[in-house]
Structures are given as structure tokens and as C-alpha cells.
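# Structure, please.
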Amino acid sequence: MQEKKEKSRAIGATRFFVSDNDLFKVLLSIVVFIVLILVFLIIGLIIGYAVIGDGNPWDVLQWYTWQHILDFLN
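Sure thing, here's the model as predicted:
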């Protein structure tokens, strides 16, 4: 019983340090995650515009398409 208390105190007293390498890995993971979300968003827009909307798949990437959508919403 005494040993468990000593171990828990030792574990609670330890501090965790993040090295520069770990920080780089975390930041790189976040950037990759955001890029993948954007890529899948664009792929989804292209598929949705072409299949559901029966439009040219590349027109969804044009500014005039989004201007028309914004004008319609306003």
C-alpha cells in the first residue's frame, strides 16, 4: 500500500516536456488535416455539382458560379 502511494506521487510529480520535434509533428499533422479537408470539400463540390446539378464539374470552381449563388441567397 505504501509503495502505491509513493509511485502515484512520483507519477503526479513528473512533468512532460514537448520537444521541438514533437511540436513540428503536431503542427504538420494539423496542416495536413486541413489540406485534406479542403481537398475533399472540393471533390465533393465537383461531384455534387456534376451529378446532382447536371452541370459542368469544373464550373463549380469558377467565381461566377459562386456569385450567382450569393446573389440568389441575397
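# For V60, the count of nearby residues, please.
19 (other C-beta atoms under 10 Å). The way it works is simple: take the backbone N, C-alpha and C, and place the C-beta from them, glycine included.
# scratch that, N56 is what I was asking about
13.
# Next up, the contacts around the closest residue to it other than its chain neighbours.
Of all residues not flanking N56 in the chain, A50 sits nearest, at 7.2 Å (C-beta to C-beta, 6 or more residues apart in numbering). For A50, the contacting residues are 56-57, 60, by C-beta atoms under 8 Å, 6 or more residues apart in numbering.
# could I get those as TSV with secondary structure?
Listed next are these as TSV, based on DSSP: H, G, I helix; E, B strand; the rest coil:
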residue	secondary structure
N56	coil
P57	helix
V60	helix
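# Y49 and L61, how far apart?
9 Å (C-beta to C-beta, to the nearest Å).
# And these two? Which one has more around it.
In terms of neighbours (other C-beta under 10 Å), Y49 is the more surrounded of Y49 and L61; the figures are 18 against 13.
# May I have the predicted confidence score for the more buried one?
As predicted, Y49 sits at a pLDDT of 86.
# any idea how far I34 is from it?
23 Å.
# And the helices in this protein?
2-13, 20-47, 63-73 (DSSP state H).
# Okay, buried residues for the longest one please.
The one in question is helix 20-47. I46 (16 or more other C-beta atoms under 10 Å).
# Kindly calculate the angle that it makes with helix 63-73.
80 degrees (axes from the mean of the first three to the mean of the last three C-alpha atoms, to 10 degrees).
# what packs against helix 20-47?
Here helix 20-47 touches no other helix or strand, going by 3 or more C-beta pairs under 8 Å, 6 or more residues apart in numbering; DSSP states H and E.
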